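Chemist: I need the structure of the sequence given here:
(2 chains)
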Amino acid sequence: MSLPARVTTLLIAFVAVVVVVTFVAVHFILSSPPVENYTPYASGGQVNVVLQTDPQNTVTNKPDWVSYFIQDPRTKQWVHTTYFAVPAATKVNVTIEGYDGCTPLRNPVWGQVTGTIGGVEYVNGQPVSELNSWSGCNVQHTFTMAGLGINVPIASPPTLKEENNLCGTSPCTSGPHQVVTFSFMTPAKGGTFRWQCIIPCGGGYLDGNGGPMSTPGYMSGQMEVQA
Amino acid sequence: MATEASPSSPEAQGPAAEPRHGLRLLILWIVASVIGCLLVYFVWGPHLPPGDMSSSAANQQFDLTVLGTIATPVFLGVVIYMGYALTFWRAKDDDETDGPPIHGNAKIQLTWIATTTVVVLALAVFGTVELWTVQGAGAGEGPQPIWKPGSASILQVQVIGQQWAWTYRYPQFGGFETAQLELPLNEPVQFNVTSLDVIHSFWAYQLGVKADANPGVNNVAYTTPKHAGSFVVRCSELCGLWHGAMFDYGKVVSPAAFQTWAQQTETQLASVTKMLPPYAATYDPTDIANLGKVLVQLGIGGAGGGYYNPNDPEQP
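Modeler: Purely as a prediction, here's the structure:
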């Protein structure tokens, strides 16, 4: 092989490696779910954030993974993501439409509502300060943000009959569900706060901790507080 | 034509007298070592991590100070010898001759072996004694600790790791569990560290306490807080997606303030405590309410198929 041919081959191989590495970095390491930005929609020191939990997720190639969805504040369409942004020093009013069925908490202490204004959540309008997932079929997931001390157990459809008729297409718009609302204050300084469901709900994975539990955009995400 | 050297030329005087390099080096090394050791022990030592917020932290700081002081003459010896050689034994630009052949020096070799042996063995004994006898060194000692505090009154704090948060249970106060960690000043504390899922590691940095949190294992670590204030708790075992976010802050307060906090928290969390399993050294996360088991048996349940669905490929 002539010298020019060898040099050309070497350059092509080098470029190919660079392209592959860049592709992996961009698509697998640096990729993250889209961010729903609620900051422009804050008014009067408050902002309303709307989420839902689904027993499955038919909008991705992981249809058997449970997942959160967030409502786009502009279009009101459900977006498959768990990343959202809110302004600093603002009261965040969260609504979670819980369409999934019940699952006991691994540690029942997370049945306690913490970090919310008044120390309560509202389940279909009724104030609740704790849910005992070991005594009844009443908790499906949690919204837990350890950095702000927030833990809210998400109530599940209350009867076994309803459990057998859960919504089957994501994002859910009908079917048995509970509506949970709560409020909390964002800190005065900006920052990123990670949140998750603390119920190990990754069915099919070791200890339930893999899959949707360990993949941003499903049962864990980030809240960006914009100062 | 050959010429005779004049009486005043360098050749006529013979080779210049070599300075006593060994003596120079020895004096330089001793002076620098004395100064260096004093600086390390008295100036740098009090600032070495992890500080002196607790008995175990102070012991670790002392250990680091001692090790640093012992290492100082070794470090200075290497640096001074290297600097001296570069300065005084540098080869001239046109000097391409070999150095003198060396066939070994039994005196130097024996001195070197004896000195390093003594230093290493002394450090080994020191380290072992410090690990074994001094407050357990703040490390996890396993379920049967080899060292226990002499005090009859020890505060029990159970540390429970779970992906991705810490909770703390106080069995002497009704067994309440909270995400807040408060400790009393000058009272010995026994941490009982365990996990509900994967392996975590409880690292209370300023307290000098670090103990692995293994599921099904009660890893005991002791300390006695010596200064009031806050300290950071981190997970130091890579444990999954949000491992980096698995941290919180604890507080050391006066014994009176601690009693007040603990009693108030016990009262406030009474209804939550009723939901918890009875206090135990470890917990089996599969041993949950009958309702959960029934749901699994029926194949009913959300959250991706229920809690430990029998069809799951992996079971704990």
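Chemist: C-alpha only now, for contacts and for neighbours.
Modeler: Noted.
Chemist: where along the chain do the helices fall?
Modeler: Unless you meant another one, I'm taking chain A. For chain A, the helices defined by DSSP state H occupy A:3-24, A:160-163.
Chemist: actually it's chain B I care about, not the one you picked
Modeler: Along chain B, the stretches classed as helices by DSSP H are B:10-13, B:21-38, B:55-88, B:106-133, B:255-268, B:270-275, B:290-298.
Chemist: Could you export these as TSV, including distance to A:Lys189, mean neighbour count and mean pLDDT?
Modeler: Output for those, formatted as TSV (distance: least, C-alpha to C-alpha, whole Å; neighbours: other C-alpha atoms under 10 Å in any protein chain shown; pLDDT from 0 to 100):
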stretch	distance to A:Lys189	mean neighbour count	mean pLDDT
helix B:10-13	78	11	48
helix B:21-38	44	15	95
helix B:55-88	32	18	93
helix B:106-133	43	12	89
helix B:255-268	28	15	96
helix B:270-275	32	18	92
helix B:290-298	42	16	53
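Chemist: got TSV for those helices, with distance to chain A too?
Modeler: Output for the helices of chain B, formatted as TSV (distance: least, C-alpha to the nearest C-alpha, whole Å):
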stretch	distance to chain A
helix B:10-13	61
helix B:21-38	43
helix B:55-88	26
helix B:106-133	34
helix B:255-268	11
helix B:270-275	6
helix B:290-298	6
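Chemist: Dump the ones you listed into a markdown table; add distance to A:Ile29 as well.
Modeler: Below are the helices of chain B laid out as a markdown table (distance: least, C-alpha to C-alpha, whole Å):
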| stretch | distance to A:Ile29 |
| --- | --- |
| helix B:10-13 | 72 |
| helix B:21-38 | 47 |
| helix B:55-88 | 38 |
| helix B:106-133 | 41 |
| helix B:255-268 | 43 |
| helix B:270-275 | 40 |
| helix B:290-298 | 36 |
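Chemist: For A:Gln196, which non-adjacent residue is closest in space?
Modeler: Leaving aside its chain neighbours, A:Gln196 sits nearest to A:Ser220 (4.0 Å; criterion: C-alpha to C-alpha, 6 or more residues apart in numbering or on different chains).
Chemist: Isn't A:Ser129 up against A:Gly119?
Modeler: Yes. Between A:Ser129 and A:Gly119 a contact is recorded at 6.4 Å, counting by C-alpha atoms under 8 Å.
Chemist: what do the two both touch?
Modeler: Taking C-alpha atoms under 8 Å, 6 or more residues apart in numbering or on different chains as the criterion, A:Ser129 and A:Gly119 both touch A:Val113.
Chemist: any idea how the chain splits into domains?
Modeler: I'll assume chain A. A:1-31, A:35-226 (automatic domain parsing).
Chemist: that's the wrong chain, I wanted chain B
Modeler: Domain assignment for chain B by automatic domain parsing gives B:21-87+B:121-133, B:155-290.
Chemist: The ones you listed: which one's closest to A:Trp195?
Modeler: domain B:155-290 (8.9 Å; C-alpha to C-alpha).
Chemist: circling back: so what's the residue nearest to A:Gln196 up against?
Modeler: A:Ser220 makes contacts with A:Thr82, A:Arg194, A:Trp195, A:Gln196, A:Cys197, A:Pro212, A:Met213, A:Ser214, as judged by C-alpha under 8 Å, 6+ apart.
Chemist: repeat that with 7 Å
Modeler: In this structure, A:Ser220 makes contact with A:Thr82, A:Trp195, A:Gln196, A:Cys197, A:Met213, judged by C-alpha atoms under 7 Å, 6 or more residues apart in numbering or on different chains.
Chemist: Give me the subset of the residues you listed lying in strands.
Modeler: Within the contacts of A:Ser220, residues falling in strands by DSSP state E are A:Trp195, A:Gln196.
Chemist: out of the contacts of A:Ser220, which is most surrounded?
Modeler: Using other C-alpha atoms under 10 Å in any protein chain shown as the neighbour test, the contacts of A:Ser220 are led by A:Met213, with 28 neighbours.
Chemist: these two touch, right, that residue and A:Tyr205?
Modeler: No. Between A:Met213 and A:Tyr205 there is no contact under C-alpha atoms under 7 Å: 9.4 Å.
Chemist: tell me which helix or strand of chain A sits lowest on mean pLDDT?
Modeler: When each helix and strand of chain A is scored by mean pLDDT, DSSP states H and E, helix A:160-163 comes last, with a mean of 68.
Chemist: As TSV, the helices of chain A with distance to B:Pro143 and mean neighbour count would be great.
Modeler: Shown next, in TSV, are these (distance: least, C-alpha to C-alpha, whole Å; neighbours: other C-alpha atoms under 10 Å in any protein chain shown):
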stretch	distance to B:Pro143	mean neighbour count
helix A:3-24	44	12
helix A:160-163	42	16
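Chemist: In the stretch 151-300 of chain B, where is pLDDT below threshold?
Modeler: Residue ranges of the stretch 151-300 of chain B with pLDDT under 70: B:285-300.
Chemist: any chance you could map the strands in it?
Modeler: B:155-162, B:165-170, B:176-178, B:181-184, B:189-195, B:200-204, B:209-213, B:219-223, B:229-235, B:247-253 (DSSP state E, counting those that start in this stretch).
Chemist: For the fourth one, give me every contacting residue.
Modeler: For strand B:181-184, the external contacting residues (C-alpha under 7 Å, 6+ apart) are B:Tyr168, B:Gly250, B:Lys251, B:Val252, B:Val253, B:Ser254, B:Pro255, B:Phe258.
Chemist: so which of the residues you listed comes closest to B:Val157?
Modeler: Among the contacts of strand B:181-184, B:Tyr168 lies closest to B:Val157 (C-alpha to C-alpha), at 6.5 Å.
Chemist: Model confidence score at residue 17, please.
Modeler: With no chain named, the answer covers chain A. In this model, A:Val17 is scored at 96, pLDDT.
Chemist: To clarify, I was referring to chain B.
Modeler: pLDDT, read off for B:Ala17, is 74.
Chemist: From chain A, how far off is it?
Modeler: Applying C-alpha to the nearest C-alpha, to the nearest Å, the value for B:Ala17 to chain A is 61 Å.
Chemist: Dig out what A:Gln71 forms beta bridges with.
Modeler: Beta-bridge partners of A:Gln71, counted by DSSP bridges, are A:Trp78.
Chemist: doesn't A:Leu51 make contact with it?
Modeler: Yes. Assessed by C-alpha under 7 Å, A:Gln71 is found in contact with A:Leu51 at 6.0 Å.
Chemist: Report the beta-bridge partners for the residue nearest to B:Thr273 when sequence neighbours are not counted.
Modeler: Here the nearest residue to B:Thr273 in space, its sequence neighbours aside, is B:Phe176; by C-alpha to C-alpha, 6+ apart that works out to 5.3 Å. Beta-bridge pairing of B:Phe176 under DSSP bridges involves B:Tyr170.
Chemist: Just list the residues touching B:Phe176, thanks.
Modeler: Contacts for B:Phe176 (C-alpha under 7 Å, 6+ apart) come out as B:Arg169, B:Tyr170, B:Glu266, B:Leu269, B:Thr273.
Chemist: Neighbour-wise, which one of the contacts of strand B:181-184 leads?
Modeler: Among these, B:Val252 has the most neighbours (other C-alpha under 10 Å), with 23 neighbours.
Chemist: Around chain A, pick out the residues from the stretch 101-250 of chain B.
Modeler: Residues of the stretch 101-250 of chain B lying close to chain A (C-alpha under 7 Å from any C-alpha of the partner chain) are B:Ala165, B:Glu177, B:Asp197, B:Leu241.
Chemist: Could you find the closest non-adjacent residue to residue 142?
Modeler: All of this refers to chain A. Nearest non-adjacent residue to A:Thr142, counting by C-alpha to C-alpha, 6+ apart: A:Pro153, 4.2 Å away.
Chemist: that's the wrong chain, I wanted chain B
Modeler: Per C-alpha to C-alpha, 6+ apart, closest to B:Gly142 is B:Asn219, 4.3 Å.
Chemist: who's that neighbour bridged to?
Modeler: On the basis of DSSP bridges, B:Asn219 is bridged to B:Val193.
Chemist: The residue positioned nearest the centre of chain A and chain B: what is the separation?
Modeler: For chain A, the residue nearest the mean C-alpha position is A:Thr82 (3.8 Å; C-alpha atoms, centre = their mean). Distance, A:Thr82 to chain B, using C-alpha to the nearest C-alpha: 14 Å.
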